[in-house]
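Trainee: Following is a predicted model, sequence given first.
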Amino acid sequence: MLHLLAVLVLAGHGGPSLGLGPASARAAGLPGASDAPFTAVFSATTHRPRAATLWHYAIRVSDPAGKPIQARVRFLVAFAGPSGPPPRRLGGAHTVHGGFRATFRWPRATRGQPLVFQAIVTARGTTRRLAYWIRVR
């Protein structure tokens, strides 16, 4: 099952699909969401990935009409607790047109740690930060 995270929305249940499986949240229907110059939707296979196994994630960026647009995306992993090391950057910045898919292998040392996987999306002069909580098993 895929879980989604849309701009200004924490992952929930129900919503559109990215073609990777069932979806769970989107920006549509939020106050001010229609005023945004773009919509970004993050999806991943689970909030509870297993250490040392592949975890699949994707991001989709579109204009308010749903058409794919070009964007710059950076991915970070940060500890969600009160203190911890600084965020870890994953793979630099990517220029995407409509979307991006990748995999990540969570290190065993992250088991049980409260983490936040962040996608920082810049398009049409606006930057949005999406946050997706993770607890590695």
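Mentor: Sure thing, it's come through. Residues are numbered from 1 along each chain as shown.

Trainee: How about F75: what's its closest non-neighbour residue?
Mentor: L90 (4.2 Å; CB to CB, 6 or more residues apart in numbering). From N, CA and C alone the C-beta is placed, and that goes for glycine too.

Trainee: which secondary structure element contains that neighbour?
Mentor: In the assignment (DSSP states H and E), L90 maps to strand 88-97.

Trainee: which residues touch the following helix or strand past that strand?
Mentor: Going down the chain from strand 88-97, the next helix or strand is strand 99-105, by DSSP H and E. Identification of contacts with strand 99-105 by CB atoms under 8 Å, 6 or more residues apart in numbering yields 18, 20, 52-61, 68, 73, 90-91, 94.

Trainee: Now, of these, which are buried?
Mentor: Among the contacts of strand 99-105, the ones that count as buried by 16 or more other CB atoms under 10 Å are L18, L20, W55, H56, Y57, A58, I59, R60, V61, V73, L90.

Trainee: hmm, back to that, any buried residues in the strand holding L90, and which?
Mentor: So strand 88-97, judged by 16+ other CB under 10 Å, has buried residues L90, V96.

Trainee: Can you spell out which helices and strands pack onto that strand?
Mentor: strand 70-79, strand 99-105 (3 or more CB pairs under 8 Å, 6 or more residues apart in numbering; DSSP states H and E).
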